[in-house]
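Asker: Build me a model from this:
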Amino acid sequence: MNPEPDPNDSKGFEINRLEISEKGPCEYAFTRDGSVDRYGKPAVKWSTGGWRCGMFLLGNQGLITLAFAGVEVNMVLFAKSVLRQTNAEAANTFSRWMGTVYFFSLMGALLSDSYLGRYLTCVTFQIVHIFGLAALSFSTHLFLLRPPDCGKIGQLCEPHRPIEVAIFYISIYLIALGNGAPEPALATFGADQFDEEDPEEKKSKTSFYSYFYVALNLGCLFAETVLVYVESMGHWVVAFWTCTASGIVAFVLFLSGSFRYRHFKASGNPISRFSQVIVASMRKINHELPLNGEGLHETIGTEGETNGMRRILHTSGLKFLDRAAFITQDDVTRMSNSCQTPNPWHLCTVTQVEEVKCILRLLPIWLCTIFSSVVFIQMLSLFVEQGAAMDRRVSKNFLIPPASMTAFDIVSTTLFIIFYDKLIVPFYIKITKREPKPLSELQRIGIGLAIAILALVIAGFVERLRLEHASNDSTEETSSLSIFWQTPQYVLVGVSEAFVYVAQMEFFASQTPDGLKSLGMGLSMSSSAMGSYVASMILTVVMKITSKNGEPGWVPPNLNDGHLDRFFFLSAGLTALNLAFYVVCAKRYKLISLEKRDRGGIN
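Answerer: Residues are numbered from 1 along each chain as shown. Model prediction:
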């Protein structure tokens, strides 16, 4: 079950690559981006990778998202009705859990790039995901739903013993680990199936990120329409076992493509490489650097000597790190005496230094994407609580579950991604009679943040309207305003996601070095972790300030007694400040500059 190539066999890999390049036209039967098959040999185009493998991974993503979203989408309702938590407590439980999901994505990315490789990372943690889902299903069935018919909206379960609550939390955090850790590896592994040195496959590689997010949303759609209704009726056990079955099918689907996947070799521990740059630069802190960047150390040779990774060209920024690659007389003496490669704790390569620069340059952009995740988390928690306090009647006998409104978010995201290239761009060309300049990833992220601000403002005005139609009975958390007034805010959040998250995945994948692609994807997803924690922190601080002197606060247990509208307006203001900072960072950002491969895949 382990098709990962031997990361130590780079020498044999290089010989194979050179043999192939000498065979003339036959070289075009192989990939040119350094990818290998399950045996560690150069990947053959017609028998590995491509959309055939991509579809296995998209199906896996859709089903595993269905399994996760079935737990995620009604976590707030579960916390309120089964665990007897208040609105603020339930929102914070959800935010912290979601934050941990995305924090695990960064951990999984490091393991993937360093040791396990992307394939084994996905296999290992998807098994953990299945165990977590099964544990949640068992614990809910055995002791959380007491009495058996509890857990519906407005129908609380009995208080639970600490050990029972502890088992619940262990289960959901196993799910967090099993879903979060393999996510960046899965997205990057899917992109690995397309040769970026082939013009046609390069287009498919770009499209894969969009379809990856579409698959994610389609998985959510089933969970947030069918499963959310089942859960709202109190049938939590049925819903959770459905999630478990979906996780198992997703895992089997992933394994089905094992013999055809393309792989890239794990590049070693990035933390140690980064540490070497810092230590080496500090050792030479008193040395003066030449102004033109001369005298810097770089390896000379073929791509295979660097484990199939392209070298990064020197850039002028962050000069203090260049000292790590500056060749001093001591370095020359040390290399002459040892007749070996330099000690990386004394002398690093330019590529190694530029890796650190790339990550440091990404951090301001990463920080700015946090608030898009804050909006998304508020949609999954506070939007749902807002909808629960509205008129949910569709007919006399049917009440729409408040979490089902997220279907508008999913549909708008999916349709926008699918139709942007197929309808919107061709329509623009037809009207203007000219080809539009494609929006860069940074521009798309900025547009998405602006749309997120508009969504929060509309949510605030909808809440004011809801309060005007609120029940006069102080014990009831109801309003005569229809829940479908929430539709615009959900649709706008969906369009915002289509701009931000797809562009974010493409940007972080393209702006990280070859050996750190999963780490780049992990950074992209870990911004969602920080967004979850920031959302929880903002809510906690606001409640602490606004609930002084016996006041109910802006987000009290009964929303009719509070001012959720003010909270939405505050969030919109903070996101606007974040957008202004983002524009400054985006304008100053310097793109990565990688050495090009030749036709045979060799630098």
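Asker: what residues are up against the residue lying closest to residue 157 once chain neighbours are set aside?
Answerer: Spatial nearest neighbour of residue 157, excluding adjacent residues (C-beta to C-beta, 6 or more residues apart in numbering): residue 150 at 3.9 Å. No exception for glycine: its C-beta is placed from N, CA and C like everyone else's. Counting by C-beta atoms under 8 Å, 6 or more residues apart in numbering, residue 150 makes contact with 81, 82, 156, 157, 158, 234.
Asker: can you check residue 269 too?
Answerer: 114, 115.
Asker: Over to the one 10 residues further on?
Answerer: Listed by C-beta under 8 Å, 6+ apart, the contact partners of residue 279 are 324, 345.
Asker: just how off-centre is stretch 252-269 within its chain?
Answerer: On the basis of C-alpha atoms, centre = their mean, to the nearest Å, stretch 252-269 sits 20 Å off its chain's mean C-alpha point.
Asker: swap that for stretch 553-572, sorry
Answerer: Counting by C-alpha atoms, centre = their mean, stretch 553-572 comes out at 29 Å from the chain centroid.
Asker: follow-up on the earlier one: is the residue nearest to residue 157 in a helix, a strand, or coil?
Answerer: coil (DSSP: H, G, I helix; E, B strand; the rest coil).
Asker: Need the per-residue pLDDT for it.
Answerer: Note for residue 150: predicted pLDDT of 78.
Asker: And the host helix or strand of residue 454, what does it pack against?
Answerer: Using DSSP states H and E, residue 454 falls within helix 441-468. If contacts are counted by 3 or more C-beta pairs under 8 Å, 6 or more residues apart in numbering; DSSP states H and E, helix 441-468 sits against helix 350-368, helix 370-388, helix 487-510, helix 564-588.
Asker: ok, which stretches of the stretch 151-300 of the chain are helices?
Answerer: 162-180, 183-192, 199-222, 228-232, 236-256, 270-283 (DSSP state H, counting those that start in this stretch).
Asker: The helix or strand just after the last one vs helix 270-283, what angle?
Answerer: To tie it back to what came earlier, the one meant is helix 270-283. Counting by DSSP H and E, the element after helix 270-283 in chain order, helix or strand, is helix 329-338. Interaxial angle of helix 329-338 relative to helix 270-283 (axes from the mean of the first three to the mean of the last three C-alpha atoms, to 10 degrees): 120 degrees.
Asker: Need the residues that contact helix 329-338.
Answerer: Everything outside helix 329-338 that qualifies as a contact, by C-beta under 8 Å, 6+ apart, is 297, 342, 343, 346, 347.
Asker: again, 10 Å this time
Answerer: Contact with helix 329-338 is made by 280, 283-284, 287, 297, 327-328, 340-343, 346-347, as judged by C-beta atoms under 10 Å, 6 or more residues apart in numbering.
Asker: Extract the C-alpha trace of it and format it as PDB.
Answerer: Provided in PDB are the C-alpha atoms of helix 329-338 (Å, rounded to 0.1, in the frame of the first residue of the first chain):
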ATOM      1  CA  GLN A 329      37.900  32.700   3.300                       C
ATOM      2  CA  ASP A 330      37.100  30.400   6.200                       C
ATOM      3  CA  ASP A 331      34.500  28.600   4.000                       C
ATOM      4  CA  VAL A 332      37.100  28.200   1.300                       C
ATOM      5  CA  THR A 333      39.700  26.800   3.700                       C
ATOM      6  CA  ARG A 334      37.200  24.500   5.300                       C
ATOM      7  CA  MET A 335      36.100  23.100   1.900                       C
ATOM      8  CA  SER A 336      39.800  22.700   0.800                       C
ATOM      9  CA  ASN A 337      40.700  20.700   3.900                       C
ATOM     10  CA  SER A 338      37.600  18.500   3.900                       C
END
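Asker: follow-up on the earlier one: of the helices and strands packed on helix 441-468, which is nearest residue 258?
Answerer: Ranking the helices and strands packed on helix 441-468 by distance to residue 258, with C-beta to C-beta as the measure, places helix 487-510 first at 23.0 Å.
Asker: and the next element down the chain from that closest one?
Answerer: Later in the chain than helix 487-510, the nearest helix or strand by DSSP H and E is helix 517-546.
Asker: what angle separates that next one from helix 370-388?
Answerer: Using the same axes, to 10 degrees: helix 517-546 against helix 370-388 is 50 degrees.
Asker: Just the buried residues of helix 517-546, please?
Answerer: For helix 517-546, a neighbour-count test (16 or more other C-beta atoms under 10 Å) marks 517-536, 538-539, 542-543, 546 as buried.
Asker: what separates it from the chain centre, distance-wise?
Answerer: 12 Å.
Asker: now that helix against helix 162-180, angle please.
Answerer: If you take the same axes, to 10 degrees, helix 517-546 sits at 140 degrees to helix 162-180.
Asker: as a whole number, average confidence for helix 517-546?
Answerer: On average, helix 517-546 scores 82.
Asker: That helix vs helix 350-368, what angle?
Answerer: 30 degrees.
Asker: ok, now which ones touch residue 508?
Answerer: 184, 187-188, 362, 365-366, 369, 441, 516-517, 519-525, 527.
Asker: Also residue 169?
Answerer: Here residue 169 is in contact with 83, 93, 97, 139 (C-beta under 10 Å, 6+ apart).
Asker: one more time with 7 Å, if that's ok
Answerer: Residue 169 makes no contacts at all, as judged by C-beta atoms under 7 Å, 6 or more residues apart in numbering.
Asker: Ramachandran angles for residue 36?
Answerer: phi -130, psi 170 (degrees, to the nearest 10).
Asker: quick one: the closest residue to residue 505 other than its chain neighbours from residue 558, how far?
Answerer: With C-beta to C-beta, 6+ apart as the criterion, residue 505 has its nearest non-adjacent residue at 4.8 Å, and that residue is residue 209. The gap separating residue 209 from residue 558 is 43 Å, by C-beta to C-beta, to the nearest Å.
Asker: Tell me which of these two has more neighbours.
Answerer: Comparing residue 209 with residue 558 by neighbour count (other C-beta atoms under 10 Å), the higher total belongs to residue 209, at 24 against 17.
Asker: Show the contacting residues for the more buried one.
Answerer: Counting by C-beta under 7 Å, 6+ apart, residue 209 has contacts 191, 502, 505, 506.
Asker: farthest pair in the residues you listed?
Answerer: Farthest pair in those, by C-beta to C-beta: 191 and 502, 12.6 Å.
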